[in-house]
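Visitor: mind folding the following:
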Amino acid sequence: MSASHSRFAAVGFDRNVFLDTLHRDFGMTDDVLMDRVFRTFDRDNDNCVSVVEWVEGLSVFLRGTLEERIKYCFEVYDLNGDGYISREEMFQMLKNSLLKQPSEEDPDEGIKDLVDIALKKMDHDHDGKLSFADFEEAVKNENLLLEAFGPCLPDIKSSMAFERRTFQEKRKL
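Guide: Numbering: from 1, shown residues only. Modelled structure (predicted):
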């Protein structure tokens, strides 16, 4: 057993080890979203993902039901934890996750347009922000909206590769 594995068995993942894992095993690169994923896994807010938090988090991350994934994505996107995804939060996440295109026009304008489109499509009670109910209804109507504000779930390929590496059967020939 490597030193990092024995350290994990004793205490859990600290933030840096966790973020390295997200990057290495799941190809995540967005610092804001990776930090939010860490906060979502770290249920007791002790800046360490314990074995129990890791297993519970992974079960949603890799194999969660649509309902579990909606709750998880909402928590990731609610940057300040106030129960809403605000226009400012959407702007910040989209600005981070969209590729920077060299162009004459102000990229912030395009992002503001995307935020307006997202609100028009998802803000069912028209209060200018997304509650959990708004987000849930929008995603249930159109599953592609689950990761509307940036990739915070692994793609199928990296999920399967992770599961294969982690749970591969030892077969006797």
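
Visitor: and this structure, what are its domains?
Guide: Domain assignment for the chain by automatic domain parsing gives 1-63, 65-153.

Visitor: by mean pLDDT, show me the worst of the ones you listed.
Guide: Among the domains of the chain, domain 1-63 carries the lowest mean pLDDT, at a mean of 86.

Visitor: and the next element down the chain from the helix ranked longest in the chain?
Guide: Longest helix of the chain, by residue count under DSSP state H: helix 107-122. Next along the chain after helix 107-122, taking DSSP states H and E as the criterion, comes strand 130-131.

Visitor: packing partners for the following helix or strand past that next one?
Guide: Beyond strand 130-131 on the C-terminal side, the first helix or strand identified by DSSP H and E is helix 132-141. Contacts defined by 3 or more Cβ pairs under 8 Å, 6 or more residues apart in numbering; DSSP states H and E place helix 132-141 against helix 66-77, helix 107-122. (C-beta placed from N, C-alpha, C; glycine too.)

Visitor: what residues sit buried inside helix 132-141?
Guide: For helix 132-141, the neighbour count (16 or more other Cβ atoms under 10 Å) marks 134-139 as buried.

Visitor: give me the contact list for the next helix or strand along the chain from it.
Guide: Going down the chain from helix 132-141, the next helix or strand is helix 156-167, by DSSP H and E. Residues from elsewhere that reach helix 156-167 (Cβ atoms under 8 Å, 6 or more residues apart in numbering): 25-27, 62, 154.

Visitor: taking these together, which two end up most distant?
Guide: Using Cβ to Cβ, the pair of the contacts of helix 156-167 lying farthest apart is 27 and 62, separated by 14.2 Å.

Visitor: which of these two has more neighbours?
Guide: residue 62 (16 against 12; other Cβ atoms under 10 Å).
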